[in-house]
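Colleague: make a model of this:
(2 chains)
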Amino acid sequence: MTEVTNEQAYEVRLRVNGVAYDVTVPARRLLSDALRHDLGLTGTHVGCEHGVCGACTVLVDGRPMRSCLMLAVSAGDYEITTVEGLTNADGSLSPVQQAFKECHGLQCGFCTPGFLTTITAGIAENPDPTREEAREMVSGNLCRCTGYQNIVEAVCVAAKLARGAEVAP
Amino acid sequence: MTTDVTAQPTVKLVGTEVRRVEDDRLVRGQGQYADDVLRGALEMAVLRSPHAHARILDIDVSGVLDVAGVHAVYTYDDLTGAMAEPLPLLIPHAALTHGRTQYALAKDEVNHVGEAIAVVVADNRYLAEDAVARISVDYEFLTPVVGIPAARAAEHQVHADVPGNVAARLEQNVGDAEAAIATAPHRLALDLDIERSASMPMEGRGVVARWDTDARRLQVWTSTQTSTGVRAAVAAKLGLDLVQVDVITPDVGGGFGVKIMHPWPEELLVPMAARALGQPVRFTEDRREHFISSAHERAQQHHVEVGFDDEGRLLGLSVEFWHDNGAYTPYGLIVPIITSTQLLGPYKPQSYKVVFESLYTNTVIVTPYRGAGRPQGVFVMERTMDAIAAYLGLDRTVVRENNFIRPDEFPYDHGLTFQDGRALVYDSGDFPESLRKLKELVDWDGFERVRAEARAEGRKVGIGIGCYVEGTGVGPYEGAHIHVETSGKVKVAVGLTSQGQGHQTAFAQIAADELGVRFEDVEVVAGDTRRMPYGVGTFASRAAVMSGSAVALTARMVRAKALRIAAEALGASADDLEIVDGVIRVVGDPAKSIALGTVAVLSNPLRYAFDEASKAATQFSVGDPGKPPVAEDDEPGLEARDFYSPMRATFANGMHAVIVETDPDTAEIKILKYALVHDCGTIINPMIVTGQIHGGVAQGVGGALYERMAYDENGQLLNASFMDFLMPYATEVPESIEMDHLETPSPLNPLGIKGVGEAGLIPTSAAVASAIEDAEGFPITAMPISPSELFALRLAHASKGTTDEDRR
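Modeller: Next up is the predicted model:
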């Protein structure tokens, strides 16, 4: 006889990249899993499931947050931005995305979304980082491919591009 | 038929820093990794052994299927046919007398923590894990064998039918090394150890399968370094014809060797479940699973005896080592064979004896991790070089120089058998020039001044060096298929896979150059068996060498055919034609031209037109009525498939130098400067090559200073998480890596390419050990080394007083 476990589900309205999604999820559903599996936003990657690698970093009200350490049911009050939401309104690449491409800041691309979101928030807070500050900015994210050299470079280039974009009318 | 073409000199793309075509997709979050495809698939979770060594007395799965959302549970008893047989021993070797492989699900016993015992398929991973927790297993505990000393002592056995825990013993000899050592003017003996580490890609293993009940066809997406290998294994194990199985490599989030191992139990169980349930099934491992159920590498202990003359020239070298192969040997003896041969590096040993034993332990299996036995071999050889220099009071670079193979000695035959079963013959290189460049780059000769300045400030610094030669691009072969569509677009497919190396970009550069088309018009697909069913895999720094060469050869075939058809259409001689930006034209008369896409139309005689362009190829438009539309030795379509299969590997090489500072109080080790020279022959894309080396150096630094698998005596992996297994963050890698290139093209392939994928990390542990030894003044004989270990070494040497004897 089948045991119906009847795990209680909760309705939550997730606002992601400016779009509202109504999902019904159990309390234990991680935000990372909800983004990936319920919303199909698979750009957010999961590398360690315990907040160490940073691959799953999303912006929660503009602040970098490890989506594997947040429950979907607790995310309803916030504006969430994933890597898919970083591009400019016209579909062109954001300064950080552009810089990663220009600087060869990615190889396999798996950790990249977490770096992009982290740096997006980082240069918003510090628009003109020194190389040391750039290194510090990405020091909570793991990458196994690049040796970080070009990622640190990309932070500096992204900041430059972003500053340029801001002065443009 | 003529096209207006602006005559422009064709710019060669090979050798230029073309930006990667992969990146636009990846930075937008539009990559498609294994866990991203087939949304909504059922998910599999695995019950893994919590014990390192035990007999399984009973498995109770009752109650599992009572959980809502659970669809199936499988144990060994549910496996039939070939699935119930042990997994393949991928690379058999005559010396592997006691090779053992596991079952897809454990049968009767488990031999390491993490071995798969049962699987559950459910609506999602959460439910599948809930159900796994309901399975209960009765074990009879056996004593685990952990570590090389325990394996050698053999008080307990991993496998009851493998005496002494010895899977294999292999010996190779060149000359009589023992006699040469015995009669040499000077002799040294060293014991040198390297600990376990692992590839640790950011994306773990993942596999998704869909069984199409209507087409009776299986499609498998798997995060692998060999789609063709997985395809063959899945077909054989599930009793399917090869044509019923497609393996598609999605974006792969890093491999570094571990994903060349196949088939993983899950790569078979997922397709099996998908077929049984008639629904797509997925397995995505979590990080802990990656630590305890994929593969590790590196652990080896070595004993060296060496005899040399007053200039430090080797007269005889004898190396005995013990390789920890973990619980099973699915990948054969590749890693220790590489150590035993590549240990020689750029040097001539005069006479050489090497013997190794490959030993079972109750730990995760060992298969190649980037470098694949070379970091150990280079560590052994370079530590030996440093010991000789210290003994004789010579500069470490002078001793190396005195042992180098000279540029005029290529091809250089070592008289040994390499990992591909072929002779170990170096094809090209210029080691003295590499060393000269490196010394200049790091200012080797000016270092004593740096040391004196540091000392005056109460700081300790040291400089170290590591040299290596790497056999890259091993066979047996790789192929390419190139198809020019009637739109002029060029579709390239290669059999091997890509996991971040930028193959889509690099191979497009080659194809565009060879064919004379625009880079933007070339699209490369890698690792999709529907597009290229023949291939081997991405390992041994072989992709650029093997597939790059295959792409070049195939493009040349397509080009020849295009010119032949165009010559006929233009009434010109094929010898007078060139292809520029996708247009074939008569040299010196650019008005006489035809687009490659039009040639593609003409290459395929048609009965039915499907658009304006294709009308030109229909039966009332073209063809000599006196000849068959397709000549006897020809075939329709502007496409070709060709293969590159070299006689043997091509040998890349390089030298690294590192300056470290060791804190006098805390023994913290900091890298102040990292410099390297490498020679990978012709460079396709310098940006990608530099990126590969950056990443390699970072992994090398991890292997030298941070990363190790901490097993306890019970076979429990104590640091199976990113919190405890210390991979370098941006703050742990050198702030800059200074690099110089040397290009000695390989004579073995059409483009002169040598592999570079592993170059960055091969000599890192050796160079860092050399630098720490130089800073501290006592021998460093085991890596990785932590500050606390260095501190302990300081205490030990302080208490007994370091003398020259310690170095001998």
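
Colleague: distance from the longest helix anywhere in chain A to the middle of the chain?
Modeller: The single longest helix within chain A, with elements called by DSSP state H, is helix A:149-167. How far helix A:149-167 lies from its chain's middle: 17 Å, per Cα atoms, centre = their mean, to the nearest Å.

Colleague: how about residues contacting that helix?
Modeller: Helix A:149-167 has contacts (Cβ atoms under 8 Å, 6 or more residues apart in numbering or on different chains) with A:95-96, A:98-100, A:102-106, A:115, A:119, A:122-123, A:126-129, A:131, A:134-135, A:137-138, A:143, B:691, B:694, B:730, B:733, B:736-737. For glycine as for every other residue, the C-beta is placed from the backbone atoms N, C-alpha and C.

Colleague: mind listing what's buried along that helix?
Modeller: By neighbour count with 16 or more other Cβ atoms under 10 Å in any protein chain shown, helix A:149-167 contains the buried residues A:149-159, A:161-162.

Colleague: so which of these would you say is closest to residue B:288?
Modeller: Among the buried residues of helix A:149-167, residue A:151 lies closest to residue B:288 (Cβ to Cβ), at 26.5 Å.

Colleague: any idea how far the closest one is from residue A:95?
Modeller: As judged by Cβ to Cβ, to the nearest Å, residue A:151 and residue A:95 stand 14 Å apart.

Colleague: before we move on, what about residue B:29?
Modeller: Using Cβ to Cβ, residue B:29 is found at 16 Å from residue A:95.

Colleague: for residue A:132, helix, strand, or coil?
Modeller: The local conformation at residue A:132, judged by DSSP: H, G, I helix; E, B strand; the rest coil, is helix.

Colleague: where does it land on pLDDT?
Modeller: With respect to pLDDT, residue A:132 has a value of 96.

Colleague: if we can go back for a sec, among the contacts of helix A:149-167, which lie within strands?
Modeller: In this view, the contacts of helix A:149-167 that belong to strands under DSSP state E are residue B:737.

Colleague: buried subset of the contacts of helix A:149-167 as a ChimeraX selection?
Modeller: Buried residues among the contacts of helix A:149-167 (16+ other Cβ under 10 Å), as a ChimeraX selection:
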select /A:95,96,98,99,100,102,103,104,105,106,115,119,122,123,129,134,135,137,138,143 /B:691,694,730,733,737
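
Colleague: circling back to that earlier point, out of the buried residues of helix A:149-167, which is nearest to chain B?
Modeller: Each of the buried residues of helix A:149-167 was scored against chain B by Cβ to the nearest Cβ, and residue A:149 proved nearest at 4.5 Å.

Colleague: tell me the confidence at the closest one?
Modeller: pLDDT at residue A:149 comes out at 97.

Colleague: next one: residue B:2
Modeller: Each residue has a pLDDT score; the one for residue B:2 is 33.

Colleague: with residue B:620 instead?
Modeller: The per-residue pLDDT of residue B:620 was computed as 85.

Colleague: pretty sure it is in a helix, no?
Modeller: No: secondary structure of residue B:620 (three-state DSSP): coil, not part of a helix.

Colleague: helices or strands next to the helix or strand that residue B:400 is a member of in the packing?
Modeller: Per DSSP states H and E, residue B:400 falls inside helix B:396-403. Helices and strands touching helix B:396-403, as assessed by 3 or more Cβ pairs under 8 Å, 6 or more residues apart in numbering or on different chains; DSSP states H and E, comprise helix B:374-392, helix B:431-442, strand B:460-472.

Colleague: just for the chain, where's the confidence low?
Modeller: In the absence of a named chain, chain A is used. By pLDDT under 70, the weakly predicted segments of chain A are A:1-6, A:165-169.

Colleague: actually chain B
Modeller: Applying pLDDT under 70 to chain B picks out residues B:1-11, B:801-808.

Colleague: three-state assignment of residue B:317?
Modeller: From three-state DSSP, the assignment for residue B:317 is strand.

Colleague: do you know how far it is from residue B:172?
Modeller: Residue B:317 sits at a distance of 12 Å from residue B:172 (criterion: Cβ to Cβ).

Colleague: distance of the residue of the stretch 401-550 of chain B found nearest chain A relative to residue A:97?
Modeller: Of all residues in the stretch 401-550 of chain B, residue B:500 sits closest to chain A, at 3.1 Å by Cβ to the nearest Cβ. Residue B:500 sits at a distance of 17 Å from residue A:97 (criterion: Cβ to Cβ).

Colleague: also residue B:505?
Modeller: Note on residue B:505: its distance to residue A:97, by Cβ to Cβ, is 17 Å.

Colleague: who has more neighbours, the two?
Modeller: Using other Cβ atoms under 10 Å in any protein chain shown, the more surrounded residue of residue B:505 and residue A:97 is residue A:97, with 29 against 23.

Colleague: from the buried residues of helix A:149-167, which is closest to residue B:186?
Modeller: Distance to residue B:186 across these (Cβ to Cβ) is lowest for residue A:149, with 41.8 Å.

Colleague: setting the sequence-adjacent residues aside, check what's closest to the residue of chain A found nearest chain B.
Modeller: Chain B sits closest to residue A:43 of chain A, with a gap of 2.1 Å, by Cβ to the nearest Cβ. Distances taken as Cβ to Cβ, 6 or more residues apart in numbering or on different chains place residue B:29 nearest to residue A:43, at 2.1 Å, with adjacent residues excluded.

Colleague: what residues are up against the one you found?
Modeller: By Cβ under 8 Å, 6+ apart, the contact list for residue B:29 reads A:41-44, A:82-84, A:86, A:113.
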